[in-house]
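Engineer: What would the 3D arrangement of this be:
(chains A, B, C and D)
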Number of protein chains: 2
Amino acid sequence: MNAVPRMTPDERRAAIVDATLVVMVRQGIAATTARDVATEMGTSSGLIHHYFASMDDLLAEAFDRVASDDLARTVGALDASDDPVQRLAIFFAFYIRADEDWGMQLWLDAWAEAARRPALQRTSRRLNEAWQALVVELIRDGVRAGVMTCDEPDAVAWQIISLLDGLALQAVAHADLVARDDANAWARRYAEDQLALEPEVLRSKATNRR
Amino acid sequence: MNAVPRMTPDERRAAIVDATLVVMVRQGIAATTARDVATEMGTSSGLIHHYFASMDDLLAEAFDRVASDDLARTVGALDASDDPVQRLAIFFAFYIRADEDWGMQLWLDAWAEAARRPALQRTSRRLNEAWQALVVELIRDGVRAGVMTCDEPDAVAWQIISLLDGLALQAVAHADLVARDDANAWARRYAEDQLALEPEVLRSKATNRR
DNA sequence: GGGACTGTTGGACAAGTGTGCAATAGGTCT
DNA sequence: AGACCTATTGCACACTTGTCCAACAGTCCC
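Structural biologist: You can find the predicted model right below:
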């Protein structure tokens, strides 16, 4: 009845994932339904299942997209510098973003849902590993350049990521029980300690533009 | 029809909370329904709402109970020693427990659900604060006794808690992406660093009995 | 004993869920 | 032009959810 634009399969798949993201951010991963996604997109709900075998798959793919984009954006920003220390500073500037509470909330949802949704677990696991691998790489570069000291890049990377996640978690789930600025400062200081950097160098090198 | 034991209101409330915990551990907080709780308890579902105004209240109270018990058990175990350093070691031995994956999974659920369930958010916030306050107290005792050094007990306590949570999160949500033993060792080493303790003292003082 | 209180039942209710499918309509190819 | 493909619709299906409520039954008091 209504004139609804017909899309190519690729476009439609992307449109569905886009709409799913909007709903996921608004209602949370667990409360995202096929009908909500269809309404958001302005189409019928049957269309969703024409492209995705199950809700699990759709949710995993949508989360994959948003988290992968985040990672890619961070990696892209790192290109702005060749100095290993500054690159690490850029990483910190991108990890906890005050304007992206919903990003951390999605991660909370994903971690909790992982136990019950296999597809989502694989995705969040893979992306967490990728973030940690990125930090490992940053550390190795610094060590190779002689501006950082670290015997166990792998372990230290997990500690940096986990400290950031643990602190951000309190800021998001409990509405600033921990202040975002404190969380950032503490995590940076921890990295400076562990990598034998000068105090505050990660703060001063953060350009913090956006 | 069946002979179902009639309980006093207090007993019944406790029985409902007990059954809710069993279901919550098995299915997750978000997927816990009134009917499941009733079936678990062997009664009708109407009974649940005779005692709890809403599912939100019930879930919050059940989570409150399990998390409060955990905290109380840890506080109880701390009584075993007067030595501040050993008391801190006992704290670490109780925080990440290999045999209690479900405990951390409940915390994951709670943090994620907090955004959508006000009662649950209040509870998890209060308990997170209590855990942090416990660590603050342990640090203050150690500083007062002259066996620890710390300028900002409040900040360091949040960092210890968050590092533990962030690492445990990976171990639970992603099936040992981070090994539990590593998580424990790293968090202990971090505390030893921050509090100017001797390396490995927190490990050697952990009696680890149960 | 009889009455009153209330813990408990079992199902009604409307709203919501994921999934599947025949029918329709827009676009492309020959 | 007609034939064909398939993106899209709109709804049916069976099931689950939280909430509510009239009726039933165990227990205690008078």
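Engineer: Centre-most residue in chain A?
Structural biologist: The centre of chain A sits closest to A:A67, judged by Cα atoms, centre = their mean, with a distance of 4.3 Å.
Engineer: Can you tell me the SS state at it?
Structural biologist: Assigned by DSSP: H, G, I helix; E, B strand; the rest coil, the conformation of A:A67 is helix.
Engineer: That one touches A:R125, doesn't it?
Structural biologist: No - the criterion here is Cβ atoms under 8 Å, and A:A67 misses it with A:R125 at 11.2 Å. (Each C-beta comes from the backbone N, C-alpha and C, glycine too.)
Engineer: For A:D36, which non-adjacent residue is closest in space?
Structural biologist: Closest residue to A:D36 apart from its sequence neighbours, by Cβ to Cβ, 6 or more residues apart in numbering or on different chains: A:V23 at 4.8 Å.
Engineer: export the helix or strand harbouring the one you found as PDB, just CAs?
Structural biologist: Using DSSP states H and E, A:V23 sits in helix A:9-27. Only the C-alpha atoms of helix A:9-27 are listed here, as PDB (Å, rounded to 0.1, in the frame of the first residue of the first chain):
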ATOM      1  CA  PRO A   9      20.100  -7.000  -0.300                       C
ATOM      2  CA  ASP A  10      23.300  -5.400   0.900                       C
ATOM      3  CA  GLU A  11      21.700  -2.100   1.400                       C
ATOM      4  CA  ARG A  12      18.700  -3.600   3.300                       C
ATOM      5  CA  ARG A  13      21.000  -5.700   5.500                       C
ATOM      6  CA  ALA A  14      22.900  -2.600   6.400                       C
ATOM      7  CA  ALA A  15      19.700  -0.600   7.000                       C
ATOM      8  CA  ILE A  16      18.400  -3.400   9.300                       C
ATOM      9  CA  VAL A  17      21.700  -3.300  11.300                       C
ATOM     10  CA  ASP A  18      21.500   0.400  11.500                       C
ATOM     11  CA  ALA A  19      17.900   0.400  12.800                       C
ATOM     12  CA  THR A  20      18.900  -2.400  15.300                       C
ATOM     13  CA  LEU A  21      21.600  -0.200  16.700                       C
ATOM     14  CA  VAL A  22      19.300   2.600  17.300                       C
ATOM     15  CA  VAL A  23      16.900   0.400  19.100                       C
ATOM     16  CA  MET A  24      19.700  -1.400  21.000                       C
ATOM     17  CA  VAL A  25      21.000   1.900  22.300                       C
ATOM     18  CA  ARG A  26      17.600   3.100  23.300                       C
ATOM     19  CA  GLN A  27      16.300  -0.100  24.900                       C
END
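Engineer: And the residue nearest to the centre of chain A, how far from B:E100?
Structural biologist: 28 Å (Cβ to Cβ, to the nearest Å).
Engineer: Same check on A:Q159?
Structural biologist: Applying Cβ to Cβ to A:Q159 and B:E100 gives a distance of 22 Å.
Engineer: A:V136 too?
Structural biologist: Going from A:V136 to B:E100 by Cβ to Cβ gives 30 Å.
Engineer: Compare these two (neighbour count), which wins?
Structural biologist: Between A:V136 and B:E100, counted using other Cβ atoms under 10 Å in any protein chain shown, A:V136 has the larger neighbour count: 20 against 14.
Engineer: Could I get the pLDDT score of that one?
Structural biologist: Here, the pLDDT recorded for A:V136 equals 98.
Engineer: which SSE is the residue nearest to A:A119 when sequence neighbours are not counted in?
Structural biologist: Ranked by Cβ to Cβ, 6+ apart and with sequence neighbours excluded, the top spatial neighbour of A:A119 is A:A60, at 3.7 Å. Element membership for A:A60 (DSSP H and E) is helix A:55-78.
Engineer: chain center to whatever helix or strand comes next after that helix: distance?
Structural biologist: Using DSSP H and E, the helix or strand that follows helix A:55-78 in sequence is helix A:84-95. Mean-position distance between helix A:84-95 and its chain equals 15 Å (Cα atoms, centre = their mean, to the nearest Å).
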